[in-house]
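Colleague: mind folding the following:
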Amino acid sequence: MKDIIEWLRKIEKMAGKVYLLGAEIYADDPEFKKFLEDAAEEEAWHYHVMGSAAEYLVSRPAPIPAISIDETTSGKILKLNSRFLYITGYLSKEKRAFFSENRVKYLEKPMQIKVLREESSKIILSK
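Modeller: Predicted coordinates for the structure are as follows:
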């Protein structure tokens, strides 16, 4: 159970960073930026709630968890985050502006966007 809580804390922290990065990228859109900042704040709250759960379990016998996260699944989720942060950091300001203008299109089906290949000057995306 403690392992799951620590893993969830890591995921909540990562999600918050992604939302904050999104808020930075979409700084020119105050409404969307606020939405992302609020989402980041909620993830921070989740992180702290999981911390309270971890503290609670320190003085108690660990219950048998109802779920488990295998290493493969955990690794895939962590890899998605690191790849997202790398690609987002790599995008030029012009490309960020393009994504900002077209964000509704991309946000409708975000899991269908895949990186086909990275080149020194551009990133090729596919739906």
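Colleague: tell me where the longest helix sits in this structure.
Modeller: helix 30-58 (DSSP state H).
Colleague: buried set for it?
Modeller: F32, K33, L36, A39, A40, E43, A44, H46, Y47, M50 (16 or more other C-beta atoms under 10 Å). C-beta here means a position set from N, CA and C on the backbone, and glycine is covered the same way.
Colleague: same check, this time on stretch 21-32
Modeller: For stretch 21-32, burial by neighbour count (16+ other C-beta under 10 Å) applies to L21, G22, A23, I25, Y26, F32.
Colleague: mind pulling up the pLDDT for the third one?
Modeller: In other words, A23. A23 is assigned 85 on the pLDDT scale.
Colleague: checking it next. Helix, strand or coil?
Modeller: helix (DSSP: H, G, I helix; E, B strand; the rest coil).
Colleague: how near is the spatially closest residue to it that is not a sequence neighbour to I77?
Modeller: Using C-beta to C-beta, 6 or more residues apart in numbering and skipping the chain neighbours, the partner closest in space to A23 is L36 (3.9 Å). Using C-beta to C-beta, to the nearest Å, L36 is found at 20 Å from I77.
Colleague: got a list of what A15 touches?
Modeller: Neighbour list for A15: A39, A40, E43 [criterion: C-beta atoms under 8 Å, 6 or more residues apart in numbering].
Colleague: go with 7 Å
Modeller: E43 (C-beta atoms under 7 Å, 6 or more residues apart in numbering).
Colleague: where does it fall, secondary structure wise?
Modeller: helix 2-25 (DSSP states H and E).
Colleague: list the buried residues of that helix.
Modeller: By neighbour count with 16+ other C-beta under 10 Å, helix 2-25 contains the buried residues 5, 7-16, 18-23, 25.
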